[in-house]
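J.: Sequence first, predicted coordinates after that:
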Amino acid sequence: MKFMPERRLLCALGKKLWERGFAPAADGTLSLRAAPDRILLTPDGVSKSALTPDMIVLVDDQGEPLDEGCPWPPSSEIALHLMCLQIRAGIGGVCSARPPAATAYAAARRDLPARLLEEVPPLLGPIPCAQPVSLEIEDRVKAVRPHLLTGKGVLLAQYGAITLGRTPEEAYEAMERLEHTALVSLYAGLLGGLS
């Protein structure tokens, strides 16, 4: 099986997402660029706690499955991940998840106040909440695209969060930082610290 270290990496990161409560049930998707025209991503309908390397789906840069006989369908978020991997040079990993605090901001259709913590702007950039006109994946892709031209993360209304990185590890770490920022923002708001 090709790209075995990369497949193992996605399994390990998936388990971390699940353990942190960022990917309940079978939610969330991780992807990485394994070669210029080869993408690995987590399958649809599988808990990130139960991933094994043979479940990781290999597709071409158009999303066509390449592992013959693989019974696992690619994530239903494949179009979103393909766009994220193609949007800017140097993007090698994407993480989409449902971390609770960040998802609360997304459910409320509110931007995350990234300037609350001094390290957030240089590490993540602004964290806006993209507002698609419908829940269709095509509309989600259109809504998210302009926000990811420069930043590393975006909230997606009624959905969750998406982060990018040069590597899948960097995309995962950006998700951790995004969720930490959302939690601090919520707590600061409870203490009357946000205007």
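T.: Thanks, I have it. Numbers count the residues shown, from 1 in each chain.

J.: List the contacts of the residue nearest to residue 163 when sequence neighbours are not counted.
T.: Leaving aside its chain neighbours, residue 163 sits nearest to residue 174 (3.7 Å; criterion: Cβ to Cβ, 6 or more residues apart in numbering). To be clear about C-beta, it is placed using only N, CA and C from the backbone, and glycine gets the same treatment. Listed by Cβ atoms under 8 Å, 6 or more residues apart in numbering, the contact set of residue 174 reads 95, 123-124, 152-153, 163-165.

J.: In a markdown table, list these along with distance to residue 146, secondary structure and neighbour count.
T.: Formatted as a markdown table, those follow (distance: Cβ to Cβ, whole Å; DSSP: H, G, I helix; E, B strand; the rest coil; neighbours: other Cβ atoms under 10 Å):
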| residue | distance to residue 146 | secondary structure | neighbour count |
| --- | --- | --- | --- |
| 95 | 19 | strand | 33 |
| 123 | 20 | helix | 16 |
| 124 | 16 | helix | 22 |
| 152 | 14 | coil | 24 |
| 153 | 14 | strand | 28 |
| 163 | 16 | strand | 29 |
| 164 | 14 | strand | 25 |
| 165 | 19 | strand | 21 |
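
J.: Which two of these have the greatest separation?
T.: Longest distance between any two of these is 14.8 Å, between 95 and 123; criterion Cβ to Cβ.

J.: looking at it, residue 67 is touching residue 55, isn't it?
T.: No: taking contacts as Cβ atoms under 8 Å, residue 67 lies outside contact range of residue 55: 10.1 Å.
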